[in-house]
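In: No letters, just coordinates:
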């Protein structure tokens, strides 16, 4: 992508967008939408919300394009916006749920229990659902989106070492959970059932 | 179960922090040890290949058409302004906040000096019968208010206001010559006059405000 003489770099495209070039804007969307949508979907786990978040992310990026520093990766910059937008939606979703529970008089210990996963054990979401939120976020951003520690720390407003700890603990927890029911044989997962 | 050293080594490998030759060693270890493979293979597979994301059809077109509708796509040039990093901006903002706070305080202090130099309605408050509207604003409180406004965001204004109020009390305990309160009195001709009550209405139909308000 960057460096090839015929293909404009992200910084070139940003410069062109700043001058009003719509085609350059379209190229930026084509280049980064998949990653933006993926990060939103993995954090929110809802396709409609992920689509809205992807759109909001590009709108936000356009509003703040003058703040983008061409010395840094545009990909990471827009993923940071997407992650922040997704986290904001998660927070407002949580607030709404709490309010509904309060209204329904159900403010009990259920709100402190981890969310119950509806995904199958062959689905990665089943396992990630069983982690604490910071661990889940750290794993998604670091392993699935190759975001560096420093940027995860900035997004989650945590020290880098805390992010590292969440990542290590999350992986350990996943390993322990999976070891109970999953066996890796002949290049595929074998799920152990209680009757097997 | 992997021992602690092996676990740390594999963690470092998963973090991508090992040099190539050590990384190759860990990969060989995972390949050759059935126990380690059993323990780590599902996790590694999960981390390496999450489910593929299927893009909703038409999303890219929707985004392309939506954004230029809201923005003219002629944004600030990515030149010198792009160089303002968040840390520099934060520094600039706090400097501006401090400057605004000092300016407001100094303005309040000079105004108080001017006031006490020309006339002194604070020392001789008007009688209740005349009831002029006098609003007294302390530069200390103004200072606190300015700080809270300029810092903004999630910072509560209460400590700044409290600081202002404390300074106000301290100033009040000093001799009268150093009184820094600024009485702001509307000039007689500029002060809005209440309409005259109709002659046939009794006086108790009107609300009487306290004559002096001290903010």
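Out: Right, received. Where do you want to start? Just so it is clear, the model here is predicted, and its values are computed rather than measured.

In: For the rest of this, base every contact and every neighbour count on C-alpha atoms.
Out: Fine.

In: tell me the pLDDT at the nearest residue to residue A:147 once chain neighbours are set aside?
Out: In this structure, residue A:147 finds its nearest non-sequential neighbour in residue A:141, 5.6 Å apart by C-alpha to C-alpha, 6 or more residues apart in numbering or on different chains. Predicted confidence (pLDDT) for residue A:141: 90.

In: for the one 3 residues further on, same thing?
Out: Residue A:144 carries a pLDDT value of 89.

In: need the contact list for the residue nearest to residue A:147.
Out: A:39, A:147, A:152 (C-alpha atoms under 8 Å, 6 or more residues apart in numbering or on different chains).

In: what's the neighbour count on the second one?
Out: Residue A:147 is surrounded by 18 other residues when neighbours are defined as other C-alpha atoms under 10 Å in any protein chain shown.

In: where does residue B:57 land in three-state SS?
Out: Secondary structure, DSSP: H, G, I helix; E, B strand; the rest coil: residue B:57 is coil.

In: any idea how far chain A is from it?
Out: According to C-alpha to the nearest C-alpha, to the nearest Å, residue B:57 stands 11 Å off from chain A.

In: Show the model's pLDDT score for that residue.
Out: So residue B:57 comes in at 89 (pLDDT).

In: Let me see the contact set for residue A:24.
Out: Per C-alpha under 8 Å, 6+ apart, neighbours of residue A:24: A:13-14, A:16-17.

In: picking that back up, doesn't the residue nearest to residue A:147 belong to a strand?
Out: No - Residue A:141: not assigned to a strand; according to three-state DSSP it is helix.

In: give the contact list for the residue nearest the centre of chain A.
Out: Closest to where the C-alpha atoms of chain A average out (C-alpha atoms, centre = their mean) is residue A:39, at 3.6 Å. Residues near residue A:39 by C-alpha under 8 Å, 6+ apart: A:79, A:82-83, A:140-141, A:145.

In: could you say which helix or strand contains it?
Out: helix A:22-44 (DSSP states H and E).

In: how about that helix: buried residues?
Out: Going by neighbour count (16 or more other C-alpha atoms under 10 Å in any protein chain shown), the buried part of helix A:22-44 is A:22, A:24-29, A:32-44.

In: now that helix, how far from the centre of its chain.
Out: 13 Å (C-alpha atoms, centre = their mean, to the nearest Å).

In: Over to stretch A:174-183?
Out: The answer for stretch A:174-183 is 23 Å, by C-alpha atoms, centre = their mean.

In: Show the residue spans covered by the strands in chain A.
Out: In chain A, the strands defined using DSSP state E lie at A:182-185, A:188-191.

In: worst average pLDDT in those?
Out: strand A:188-191 (a mean of 62).

In: Excluding chain neighbours, what is closest to residue A:89?
Out: Counting by C-alpha to C-alpha, 6+ apart, the residue nearest residue A:89 is residue A:44, at 7.9 Å.

In: In this structure that neighbour contacts residue A:86, no?
Out: Yes - in this structure, residue A:44 is within contact of residue A:86 by C-alpha atoms under 8 Å, at 6.5 Å.

In: ok so, going back, could you save the contacts of residue A:24 as a markdown table and add columns showing pLDDT?
Out: Converted to a markdown table, the contacts of residue A:24 look like this (pLDDT from 0 to 100):
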| residue | pLDDT |
| --- | --- |
| A:13 | 89 |
| A:14 | 89 |
| A:16 | 88 |
| A:17 | 87 |
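
In: Among these, name the ones that also lie close to chain B.
Out: A:14, A:17 (C-alpha under 8 Å from any C-alpha of the partner chain).

In: related to what we said a few turns ago, which member of the contacts of residue A:141 is positioned nearest chain B?
Out: The closest of the contacts of residue A:141 to chain B turns out to be residue A:39 (C-alpha to the nearest C-alpha; 9.6 Å).

In: Tell me where chain A has helices.
Out: Along chain A, counting by DSSP state H, helices occupy A:10-18, A:22-44, A:47-63, A:74-103, A:124-128, A:133-139, A:149-156, A:160-181.
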